[in-house]
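Asker: quick one, fold the following:
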Amino acid sequence: MIEKLFRLKDNNTNVKTEVLAGITTFMTMAYILAVNPDLLSVSGMDKQAVLLATALSAAIGTFLMAFLANYPFALAPGMGLNAYFSYSVCIGLGVDWRVALFAVLVEGIIFIVMSLTNVREAIFNSIPLTLKHAVSAGIGLFIAFIGFQNAKIVVNDDSTLLTYQRFTDNFRSVGVGAILALIGVLVIGVLLVKKVKGGILLGIFITWILGIIAELTNIYIPNPEVGMYSVVPSSIISFDFSPLGKTAGQVFSIDFSQISKDILSFITVVFAFLFVDVFDTLGTLIGVSSKANMLDENGKLPRIKGALFADSLATCAGAVLGTSTTTTFVESASGVTEGGRTGLTALTTGFLFLISVIFAPLFLTIPSFATAPALIVVGFYMIGSVAKINFDDMAEAIPAFLTIATMPFAYSISEGIAIGVISYTVINLITGKAKEKKISVLMYILSILFICKYIFLK
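Answerer: As a prediction, the model looks like this:
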């Protein structure tokens, strides 16, 4: 049954590897269960309801990916999009969160149409192979950067924007957490050198256990004011699902007069959600599939239509349940690194998200300094795609470099793709290499759209 559904032998994998990879992906994504409710509650949404909606939408989206595309990619409400939802749309524009959810639903419906008409697949296939490798490397730097930030190893600084953590500042909380994260990176590194299967997952658990020991011995002291919480579970399960009703289905109870009063602003919001989600999803699919050698000889991803369709349906489901745009997560790379190659990996991750509805108090106790080492190490794996870029050809190398550098510096996968596409098209067009490089019509269209975005959109 499992072999027939997921074709494990054809993908040179087995049940144990796939399940382990799925668990690893979940562990590196589980932070969304804590972060998303915090961000969306700012818009006026109920925090517990958002937590349940987050877990359920992630489970649904990841199940869809497993069965529609047979890929090891997991989905959840996207970071960046949730911040845009609360701070730019609801607070900045004064839009009610129900109307914002309706905008997400409209975006998802547009996605479905685009997926069925091959528009998103055409966009994916039009991106040159060099940029695909650059996207993979850029995502590696980006998620490693997220890992360093989550562990508070890298922190904000007024003079230099970013700096290293001064361990003497809040040592018993932030300092100890950062040190444990660094230990976690070393632990995972040793396990991987020793070729221990599931080394990344084991590293997460070992770091968490060290954190529990540190807290029980008063070496680590939780300090919520600086974002450092207790790592010792206070409870394990909860069966109270009633708060979900505060967000689920609310997208259909909106006052449409709010939209008709300022239809232009609503269209702008829908487009912004659409734009970021399209290119974050494409960037993730390109980067992770490139790392897993899933692209064919032409740099195309087989069964991409199923993957994009799953992403589209997940966005609609998330909006109905009560959360911002659900999208393919770059942390899927952690499971791919552990050997995940089929939908069984995604099925495992989705099941754990479903279970997390019940065990939310336990899962939310895993600290960011325990999952951060996994992100840092996965970033190391993905940067290896740089070796596939031809740095002797400046017309290829410069756009690739700009793509890689922009993602962590702009804190956005989609912005990295935008800069990469524009620079690749413009440089090759001006230098007369456009015909030689066989730049597609879609690349020109995308370049124009990206340029217009920077000129006309705030």
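Asker: how many residues are close by the residue nearest to Phe363 when sequence neighbours are not counted?
Answerer: If the residues on either side of it in the chain are set aside, Phe363 comes closest to Ser356, at 4.9 Å by CB to CB, 6 or more residues apart in numbering. For every residue, glycine as well, the C-beta is placed using N, CA and C. The tally of other residues near Ser356 (other CB atoms under 10 Å) stands at 23.
Asker: make sure Ser356 is actually in contact with Ala55.
Answerer: Yes - using CB atoms under 8 Å, Ser356 makes contact with Ala55 at a distance of 4.9 Å.
Asker: between the two, what contacts are shared?
Answerer: Leu33 (CB atoms under 8 Å, 6 or more residues apart in numbering).
Asker: re the thing from before, next, the contact list for the residue nearest to Phe363, please.
Answerer: By CB under 8 Å, 6+ apart, the contact set of Ser356 is Ala30, Leu33, Ala55, Phe363.
Asker: in this structure, which residue is closest to the centre?
Answerer: Centroid-nearest residue in the chain: Phe329, 3.1 Å away (criterion: CA atoms, centre = their mean).
Asker: quick check on it: phi, psi?
Answerer: phi -90, psi 140 (degrees, to the nearest 10).
Asker: tell me the pLDDT of it.
Answerer: With respect to pLDDT, Phe329 scores 88.
Asker: I'd say it and Leu81 touch.
Answerer: No - if you go by CB under 8 Å, Phe329 and Leu81 don't touch, sitting 11.6 Å apart.
Asker: out of the contacts of Ser356, list just those in helices.
Answerer: Leu33, Ala55, Phe363 (DSSP state H).
Asker: among those residues, find me the one that's closest to Thr130.
Answerer: Comparing the ones in helices among the contacts of Ser356 against Thr130 with CB to CB places Leu33 closest, at 36.6 Å.
Asker: flag the shaky bits of the stretch 351-458 of the chain, pLDDT-wise.
Answerer: 364, 457-458 (pLDDT under 70).
Asker: let me see the ranges of the helices in it.
Answerer: Remark: helices assigned in the stretch 351-458 of the chain by DSSP state H, counting those that start in this stretch are 360-363, 368-382, 394-410, 413-430, 434-437, 441-456.
Asker: show me what the last one is packed up against.
Answerer: Okay, so that is helix 441-456. helix 119-126, helix 413-430 (3 or more CB pairs under 8 Å, 6 or more residues apart in numbering; DSSP states H and E).
Asker: tell me the most buried of these?
Answerer: For the helices and strands packed on helix 441-456, the largest average neighbour count (mean count of other CB atoms under 10 Å) is found in helix 413-430, namely a mean of 22.
Asker: distance between that helix and the chain's centre?
Answerer: 22 Å (CA atoms, centre = their mean, to the nearest Å).
Asker: C-alpha coordinates for it, CSV please?
Answerer: Extracted as CSV, the C-alpha positions of helix 413-430 are listed here (Å, rounded to 0.1, in the frame of the first residue of the first chain):
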residue,chain,number,x,y,z
ILE,A,413,13.2,34.7,-0.6
SER,A,414,10.9,36.5,-3.0
GLU,A,415,13.0,39.7,-3.1
GLY,A,416,16.1,37.6,-3.8
ILE,A,417,14.3,36.1,-6.8
ALA,A,418,13.1,39.5,-8.0
ILE,A,419,16.7,41.0,-7.9
GLY,A,420,18.1,37.8,-9.6
VAL,A,421,15.5,37.8,-12.4
ILE,A,422,15.9,41.6,-13.1
SER,A,423,19.7,41.5,-13.1
TYR,A,424,19.9,38.3,-15.2
THR,A,425,17.6,39.7,-17.9
VAL,A,426,19.1,43.2,-18.0
ILE,A,427,22.7,42.2,-18.0
ASN,A,428,22.3,39.6,-20.7
LEU,A,429,20.1,41.9,-22.8
ILE,A,430,22.5,44.9,-22.7
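Asker: against which helices or strands is it packed?
Answerer: Looks like helix 413-430 contacts helix 129-150, helix 263-291, helix 394-410, helix 434-437, helix 441-456 (3+ CB pairs under 8 Å, 6+ apart).
Asker: let me know the angle separating the first one from helix 394-410.
Answerer: Relative orientation of helix 129-150 versus helix 394-410 (axes from the mean of the first three to the mean of the last three CA atoms, to 10 degrees): 20 degrees.
Asker: and after helix 129-150, which helix or strand comes next?
Answerer: Where DSSP states H and E defines the elements, the next helix or strand beyond helix 129-150 is strand 154-157.
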